[in-house]
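Enquirer: from the sequence below, what's the structure:
(one chain, ligands or ions: 1)
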Amino acid sequence: MVAEKLEDFTIDYFEEIGVEYIQYQFTTIFGVLKEVEFPVKIWDEMKEGTGVDGSSLGFLKTSQSDMQAIPDYKTFAILPWDTRVGRFICDLTDNEGNAFPTCPRGILKKIISKAKDMGFLFKTRPELEVYFLSDELEPADDGDYMCTPPKDSLHELRRLITDDLIEMNIGIKTIHHEVGPAQHEVEFTADDAIYSADNVQTAKQLFKMNAIDQDIICTFMPKPFREKAGSGLHIHQYLTDLEGNNVFSDKEKGLSDILRWYVGGLEKHAPAISAILNPATNSYKRLVPNHEAPVHIAWGVGNRTALIRVPGYEKSARIEYRAGDGSMNIYLGFAALLAAGLDGIKNKIEPNKPTKDNVDLLTESERKELGIEQLPWSLKRALIYFETDPLMNDIFGEDFIGIFLEKKKKELTELEIAQKNGFESDWEFNAYLDC
Ligand SMILES: NC(=O)CC[C@H](N)C(=O)O
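Expert: Alright, predicted model coming up:
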């Protein structure tokens with residue numbers, strides 16, 4: 001039996017599978033996973049949700065602080081590192097059951113339901129990069145892209161992580177060593193965006209739990225080392241119709257008009273959504289030439305120097321958005337991408353000309369001719385675009401934007417002080433190591 005509805009979960013069922021504690025998990029505005037736990041024997045009074053203090057969790061500014069964490073029964077899984085615990089991922093609501101406006105999972109759900117009204121389902125397939133570090137914050141292996149053991153000395157740690165991902169029913173495609181020393185990657189399989197986002201949150205915890213066991217620090221920080229590859233969180237994505245047919249493909253043309261307009265929407269809003277997909281000051285140290293990270297707002301088939309790569313045609317037509325990194329809140333990242341793409345479709349926004357060239361090597365005038373602009377090169381610039389793009393207000397709403405900007409501006413001030421006093425790198429490691 002696959003348990004996924006409220007009726008499927010009873011104290012007897014939990015006893016049968018050896019679960020003694022239940023955890024309700026949810027994600028904060030800034031992407032941090034949180035949990036509240038209770039013993040199975042009080043399941044009946046807790047099964048429809050529990051109250052949490054929204055203001056201590058940073059979801060609101062005012063004195064109203066009551067929120068409810070409501071379990072999504074489809075997300076039940078047993079924790080591999082503590083098999084007496086079963087966890088559910090939750091949505092956050094107010095006491096009347098209305099979606100809480102600053103709940104990231106709720107923000108994503110809202111955009112998904114707008115897509116559904118337009119006849120689309122949103123599928124995502126993220127690729128998550130990570131560095132494993134020693135206590136001294138040095139790379140914990142000396143490997144390179146897709147290397148094999150013995151050079152790939154952390155392959156056993158990767159295997160333990162893979163075992164756990166599979167045990168928790170998280171679809172994965174490949175897991176391998178990446179370009180940087182001690183840099184690794186897991187590619188997920190495509191899923192409904194909401195569960196795909198849940199999977200990324202769970203995977204990040206799995207990576208960290210397994211690494212800690214071996215006294216290794218695991219970080220999704222975008223650019224721990226200036227001279228080495230940065231860590232991205234690329235997001236493959238496509239839309240289907242309500243029957244599940246890929247609407248990015250076109251039998252005759254290969255790629256559909258819908259795909260092209262979706263790309264047009266992404267390009268139009270790319271500067272503003274950078275604030276969500278690259279929310280750390282450190283994010284912008286990654287978005288530089290020569291490390292397979294995008295610098296310009298361009299697209300092309302199979303082009304890894306472009307912001308938007310189209311890897312597949314026909315049935316598997318999809319796009320890969322390459323700017324995002326692991327410091328993003330994945331629910332918000334998906335929401336921003338989908339809303340930008342839908343805006344493109346609604347308004348039939350044409351993207352610039354696709355290019356096969358290395359975008360970083362084009363001259364200024366060649367880029368001008370192709371209509372290629374630069375992505376924001378600092379968090380400060382990204383926030384200006386974010387604040388002035390009306391679509392951001394539609395997606396995130398006033399409350400969220402207020403809390404988000406306050407925190408991000410504080411980070412900018414702190415970084416400026418750190419820069420003046422010569423400890424910029426220490427400040428960033430401190431602020432983003434655990435993202
Ligand atoms: N193989 C790759 O595509 C590497 C991607 C690169 N690490 C990034 O920062 O996005």
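Enquirer: for whichever strand or helix holds residue 336, packing partners?
Expert: Assessed by DSSP states H and E, residue 336 sits inside helix 330-346. Judged by 3 or more C-beta pairs under 8 Å, 6 or more residues apart in numbering; DSSP states H and E, the packing partners of helix 330-346 are helix 104-117, strand 121-133, helix 193-213, strand 233-240, helix 257-277, helix 390-420. Any C-beta I mention is one placed from the backbone N, CA and C, and that applies to glycine too.
Enquirer: the fourth one vs helix 257-277, what angle?
Expert: So the one you mean is strand 233-240. With axes from the mean of the first three to the mean of the last three C-alpha atoms, to 10 degrees as the basis, strand 233-240 and helix 257-277 are set at 150 degrees to each other.
Enquirer: just the CA coordinates for strand 233-240, please, in CSV.
Expert: The C-alpha coordinates for strand 233-240 follow below in CSV (Å, rounded to 0.1, in the frame of the first residue of the first chain):
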residue,chain,number,x,y,z
LEU,A,233,21.4,24.7,-9.1
HIS,A,234,20.3,24.4,-12.7
ILE,A,235,16.6,23.9,-13.3
HIS,A,236,15.4,21.9,-16.3
GLN,A,237,11.7,22.7,-16.8
TYR,A,238,8.9,22.2,-19.2
LEU,A,239,5.1,22.6,-19.4
THR,A,240,2.6,19.9,-20.2
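Enquirer: what average pLDDT does whichever helix or strand comes after that strand get?
Expert: Using DSSP H and E, the helix or strand that follows strand 233-240 towards the C-terminus is strand 249-250. The pLDDT scores in strand 249-250 average 90.
Enquirer: what's strand 249-250 packed up against?
Expert: helix 257-277.
Enquirer: what about the helix it packs on, near the ligand?
Expert: No: judged by C-beta under 6 Å from any ligand atom, helix 257-277 stays clear of the ligand, getting no closer than 11.7 Å.
Enquirer: next helix or strand past that helix?
Expert: If you walk from helix 257-277 toward the C-terminus, the next helix or strand you reach (DSSP H and E) is helix 283-286.
Enquirer: so what touches that next one?
Expert: Identification of contacts with helix 283-286 by C-beta atoms under 8 Å, 6 or more residues apart in numbering yields 222-223, 226, 230-232, 278, 293, 325, 327, 376-379, 382.
Enquirer: check the residues you listed for burial and list the buried ones.
Expert: 222-223, 230-232, 278, 293, 325, 327, 376, 378-379, 382 (16 or more other C-beta atoms under 10 Å).
Enquirer: buried residues in the helix holding residue 336, which are they?
Expert: Going by 16+ other C-beta under 10 Å, helix 330-346 has these buried residues: 330-345.
Enquirer: could you check the angle it makes with strand 121-133?
Expert: Going by the same axes, to 10 degrees, helix 330-346 makes 140 degrees with strand 121-133.
Enquirer: quick check: mean pLDDT across helix 330-346?
Expert: pLDDT averaged over helix 330-346 gives 98.
Enquirer: likewise stretch 363-382?
Expert: Computed over stretch 363-382, the average pLDDT equals 95.
Enquirer: likewise for stretch 276-291?
Expert: For stretch 276-291, the per-residue pLDDT averages 96.
Enquirer: and if you look at stretch 142-160?
Expert: 97.
Enquirer: please identify the buried residues of it?
Expert: Neighbour-count burial for stretch 142-160 [16+ other C-beta under 10 Å]: 143, 147, 152-155, 157-158, 160.
Enquirer: center of the chain - which residue?
Expert: Taking C-alpha atoms, centre = their mean, the centroid of the chain lies closest to residue 330, which sits 2.6 Å from it.
Enquirer: quick check: that residue touching residue 194?
Expert: No: between residue 330 and residue 194 there is no contact under C-beta atoms under 8 Å: 10.5 Å.
Enquirer: flag the shaky bits of this protein, pLDDT-wise.
Expert: Under the criterion pLDDT under 70, the flagged ranges of the chain are 1, 61-64, 313-315.
Enquirer: name the surrounding residues that touch stretch 412-427.
Expert: Contacts for stretch 412-427 (C-beta under 8 Å, 6+ apart): 281, 379-380, 383, 428, 431.
Enquirer: can you turn the buried part of the residues you listed into a PyMOL selection?
Expert: Only the buried entries of those go into this PyMOL selection, using 16+ other C-beta under 10 Å:
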select buried, resi 281+379+383+428+431
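Enquirer: need the max-distance pair from the contacts of stretch 412-427.
Expert: Spatially, the most separated pair among these is 383 and 428, at 17.0 Å (C-beta to C-beta).
Enquirer: can you tell me which of the contacts of helix 283-286 are in helices?
Expert: 379, 382 (DSSP state H).
Enquirer: how about the residues of the stretch 301-435 of the chain near the ligand?
Expert: 304, 322.
Enquirer: my guess is residue 307 contacts residue 320, does it?
Expert: No: contact criterion C-beta under 8 Å: residue 307 and residue 320 do not qualify, at 9.5 Å.
Enquirer: which of the two has more neighbours?
Expert: Shown here are residue 307 and residue 320; by other C-beta atoms under 10 Å, residue 307 has more neighbours (26 against 20).
Enquirer: so what's the more buried one up against?
Expert: Residue 307 makes contact with 266-267, 270, 294, 296-299, 321-323, 375 under the criterion C-beta under 8 Å, 6+ apart.
Enquirer: so can I have CSV of those residues showing distance to residue 106?
Expert: Listed next are those as CSV, based on distance: C-beta to C-beta, whole Å:
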residue, distance to residue 106
266, 23
267, 27
270, 24
294, 29
296, 33
297, 29
298, 33
299, 30
321, 22
322, 27
323, 24
375, 28
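Enquirer: of the residues you listed, which is the nearest to the ligand?
Expert: Top of the list for closeness to the ligand, among the contacts of residue 307 and by C-beta to the nearest ligand atom, is residue 322 at 5.8 Å.
Enquirer: need phi/psi at the closest one.
Expert: With angles defined as degrees, to the nearest 10, residue 322 sits at phi -100, psi 0.
Enquirer: looking at the buried residues of helix 330-346, spot the one nearest residue 103.
Expert: With C-beta to C-beta as the yardstick, the closest approach to residue 103 among the buried residues of helix 330-346 comes from residue 331, at 8.6 Å.
Enquirer: report how many residues lie close to the closest residue to residue 39 other than its chain neighbours.
Expert: Of all residues not flanking residue 39 in the chain, residue 21 sits nearest, at 5.8 Å (C-beta to C-beta, 6 or more residues apart in numbering). The number of residues packed near residue 21 is 15, by other C-beta under 10 Å.
Enquirer: residue 21 pairs with what?
Expert: With DSSP bridges as the criterion, residue 21 is bridged to residue 39, residue 85.
Enquirer: same deal with residue 255?
Expert: The residues that residue 255 bridges to, once DSSP bridges is applied, are residue 249.
Enquirer: correct me, but it touches residue 310?
Expert: Yes: the criterion here is C-beta under 8 Å, and residue 255 meets it with residue 310 at 6.6 Å.
Enquirer: alright, I will stop here.
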